[in-house]
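> any chance you could fold what I've pasted below:
(chains A and B)
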Amino acid sequence: MVKAGATPTPVTYVSVLSACGKGGDLLLGVQVHKRVLESGVLPDLKVENALVDMYAECAEMDSARRLFDGMQVRNVVSWTSLVSGLARLGQVDHARELFDSMPERDTVSWTAMIDGYVQAARFREALEMFREMQYSNVRADEFTMVSVITACAQLGALEMGEWVRVYMSRQGIKLDVFVGNALIDMYSKCGSVERALGVFKEMHSRDKFTWTAIILGLAVNGHGEEAIDMFHRMIRVWEAPDEVTFIGVLTACTHAGLVDKGREFFRSMIHSYKIAPNVVHYGCMIDLLGRAGKITEALETIDQMPVTPNSTILGTLLAACRVHGNLDIGELVAKRLLELDPENSTVYILLSNMYAKSNRWEDVRRLRQSIMEKGIKKEPGCSLIEMNGMIHEFVAGDCSHPMSNKIYSKLENIITDLENVGYSPDITEVFVEVAEKEKQKIIYWHSEKLAISFALLSSEPNTVIRIVKNLRMCLDCHNAIKLISRLYGREVVVRDRTRFHHFRHGFCSCKDYW
DNA sequence: GTAGGGTTAG
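Alright, predicted model coming up:
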């Protein structure tokens, strides 16, 4: 346009600056900024806003702020660009200060702030912000709901998610592709495949994200075959899968124990779909082989793959060694894992567990000693559970909950009930050097046990108990919850750090592999 | 024809 000698208008500048911001092209943005100054179109609120936003999108907050401060006239858009710019840089608290000092806030500014909390993984504050938004009588729209639903997904807050859907229909907020995709993900992360499928069916238009979300949702919740069916449907409607879709497909194969199919998908991903496998794809393959007991082949795959094995990959293999009792390779993998990640407490837990199973108590003792010497601390276990619109958090052994006394005495009753049907505590994964009795206490006070005790006290009979946990489940909790599901006739869904455990009638969907 | 906010893995 410039070469052709046409004169740009304010509209031109706004459009080009927006493109620079969205494309992250700071260099071009600065050039356009120069032309704007020479052109004499300033002052112009929209052009100045476009400049502020361009700098904010390019992470140049100082420049954005300088421009903002120099503006004669500002509006809510100018402020919002700064707020979302700061939020994008991870400076949520700073963004919040600015947000609080805004003279006026509309739907977009509230949504930017809510999403800032979501991006910073501060989901409860995101929901709190949404509540405040409603008090301020600013209407929410589809954009707002996507952020709110994402927060519910991460927290496993199904009640809140259900409330959001009612709210949406009351407010006339449409189920567009973005909202639908977020809902599918939310229901999947809450362990409710039925509801995820319900949304999927209800959606009028679907995109790559829709298909990927439902494939992943089915796969992680243990419906491997259905996930693979979905993939074939996706191909039939000519939606192109991407690298994330294949994570879902490979996860599905793992869950369904379809080793050969998994290998086939891995090959076709590379050759038919021209997608280069990354470390996560290899991780899926290691999981697939490991679960099927093909430990040697898994190790060979790691040594031959063109990407550097990370601690997740090696951890996956170590978990497989534990389940299949392959101590030789287990020791080897643990050694490599500790070279990579010396503070990784999971390694010690898995390895010690394997030694204990082989009655190598001297090795168990040696391992414990080295943990003590190195001062390695296990990340505190933490479980979330939603009850009547509130999210309750339990940390192992904590007494901060208002119902704490009741929860602990209920837990004692539960343990007695369990012992009557043959339960005995499995303390092989407790690492502190204390007396046997103390170890039992530590195990009893694991966060998921506290959460379940609270749920049995507070929820309606026969309802599903849903827990979100930050770590991998320990053997003892897994055993105990299996028994609880049978004894009290309750379905329990635990979302692990990496997978789902659906406990029903004394069995777990993971078939004791995790 | 023009300025700010949204979805999938780890």
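
> residues from the stretch 151-300 of chain A in reach of DNA strand B?
A:153, A:176-179, A:181-182, A:185, A:207-210, A:212-213, A:216, A:220, A:242-245, A:247-248, A:278-280, A:283 (Cβ under 7 Å from any atom of the strand). No exception for glycine: its C-beta is placed from N, CA and C like everyone else's.

> dump the residue contacts of the closest residue to A:Ile385 other than its chain neighbours.
If the residues on either side of it in the chain are set aside, A:Ile385 comes closest to A:Ala451, at 4.5 Å by Cβ to Cβ, 6 or more residues apart in numbering. Applying Cβ atoms under 8 Å, 6 or more residues apart in numbering to A:Ala451 gives the contacts A:Ser383, A:Leu384, A:Ile385, A:His392, A:Phe394, A:Ile467.

> now, the most widely separated pair of those residues?
A:His392 and A:Ile467 (10.1 Å; Cβ to Cβ).

> ok, the two, which is more surrounded?
Neighbours of A:His392 and A:Ile467, each counted by other Cβ atoms under 10 Å, are more numerous for A:Ile467; the result is 25 against 19.

> thought that one was touching A:Ser383?
Yes. Proximity of A:Ile467 to A:Ser383 meets the contact threshold set by Cβ atoms under 8 Å, at 5.2 Å.

> list the residues that contact both of these two?
A:Glu448, A:Ala451.

> OK, contacts around the residue most central in space within chain A?
Centrality entry for chain A: nearest residue to the mean C-alpha point is A:Gln154, 5.5 Å, by Cα atoms, centre = their mean. Taking Cβ under 8 Å, 6+ apart as the contact definition, A:Gln154 lies against A:Val118, A:Ala121, A:Phe123, A:Lys189.

> cutoff 6 Å now
When contacts are counted by Cβ atoms under 6 Å, 6 or more residues apart in numbering, A:Gln154 is found next to A:Phe123.

> what strand or helix carries it?
The secondary structure element spanning A:Gln154 is helix A:142-155 (assigned by DSSP states H and E).

> and what about A:Ser383, helix, strand or coil?
In terms of secondary structure, A:Ser383 is strand; the call rests on DSSP: H, G, I helix; E, B strand; the rest coil.

> check A:Pro103 too.
Counting by three-state DSSP, the backbone at A:Pro103 sits in coil.

> and it, how far is that from DNA strand B?
Computed as Cβ to the nearest atom of the strand, to the nearest Å, the A:Pro103 to DNA strand B distance reads 11 Å.

> then A:Leu158?
The gap separating A:Leu158 from DNA strand B is 16 Å, by Cβ to the nearest atom of the strand.

> got the phi and psi for that residue?
A:Leu158 adopts backbone torsions of phi -70, psi -40, taken as degrees, to the nearest 10.

> what sits against it?
A:Leu158 makes contact with A:Cys190 under the criterion Cβ under 6 Å, 6+ apart.

> what do you get if the cut-off is 7 Å, keeping everything else the same?
Contacts for A:Leu158 (Cβ atoms under 7 Å, 6 or more residues apart in numbering) come out as A:Cys190, A:Ser192, A:Glu386, A:Arg466.

> swap in A:Glu343?
Residues near A:Glu343 by Cβ under 7 Å, 6+ apart: A:Ile376.

> return the member of the contacts of A:Leu158 nearest to DNA strand B.
For DNA strand B, the closest of these turns out to be A:Cys190, at 12.8 Å, with distances computed as Cβ to the nearest atom of the strand.

> now the closest residue to the closest one other than its chain neighbours: how far from A:Asn388?
With sequence-adjacent residues excluded and distances taken as Cβ to Cβ, 6+ apart, A:Cys190 is closest to A:Leu158, at 4.1 Å. A:Leu158 sits 12 Å away from A:Asn388, taking Cβ to Cβ, to the nearest Å as the criterion.

> same check, this time on A:Ala95
Separation of A:Ala95 from A:Asn388 (Cβ to Cβ): 31 Å.

> higher neighbour count, these two?
Comparing A:Ala95 with A:Asn388 by other Cβ under 10 Å, the one with more neighbours is A:Ala95, at 23 against 8.

> mind pulling up the pLDDT for the more buried one?
Looking at A:Ala95, its pLDDT is 95.

> nearest spatial neighbour of it, skipping sequence neighbours?
Setting aside the residues directly before and after it, A:Ala95 is nearest to A:Leu86 in space (Cβ to Cβ, 6+ apart), at 3.9 Å.

> thought that neighbour was touching A:His94?
Yes. Contact criterion Cβ atoms under 7 Å: A:Leu86 and A:His94 qualify, at 5.0 Å.

> host element of A:Arg96?
helix A:92-100.

> helices or strands up against the helix or strand that comes right after that helix?
Along the chain past helix A:92-100, the next helix or strand (assigned with DSSP H and E) turns out to be helix A:107-119. Helix A:107-119 is packed against helix A:76-88, helix A:92-100, helix A:123-135, helix A:142-155, with contacts defined by 3 or more Cβ pairs under 7 Å, 6 or more residues apart in numbering; DSSP states H and E.

> remind me what the top helix by length along chain A packs against, helices and strands.
In chain A, taking DSSP state H as the definition, the longest helix is helix A:404-420. The contact analysis (3+ Cβ pairs under 7 Å, 6+ apart) places helix A:404-420 against helix A:447-458, helix A:475-487.

> of all those, which lies closest to A:Val333?
When the helices and strands packed on helix A:404-420 are ranked by proximity to A:Val333, the top entry is helix A:475-487, at 19.1 Å, counting by Cβ to Cβ.

> now do the helix or strand just after the closest one: distance to the chain's middle.
Downstream of helix A:475-487, the first helix or strand assigned by DSSP H and E is strand A:492-495. Relative to the chain's own centre, strand A:492-495 is displaced by 15 Å; criterion: Cα atoms, centre = their mean, to the nearest Å.

> which residues touch strand A:492-495?
Where contact means Cβ under 7 Å, 6+ apart, the residues beyond strand A:492-495 that reach it are A:156, A:189, A:191, A:448, A:452, A:464-469, A:473, A:481, A:484-485, A:500-503.

> count of neighbours near the residue in the stretch 251-400 of chain A positioned nearest to DNA strand B?
Closest contact between the stretch 251-400 of chain A and DNA strand B, by Cβ to the nearest atom of the strand, is at A:Val280 (4.1 Å). Here the count is done by other Cβ under 10 Å, and A:Val280 has 17 residues near it.

> out of everything not next to it in sequence, what's closest to it?
Ranked by Cβ to Cβ, 6+ apart and with sequence neighbours excluded, the top spatial neighbour of A:Val280 is A:Ile247, at 5.8 Å.
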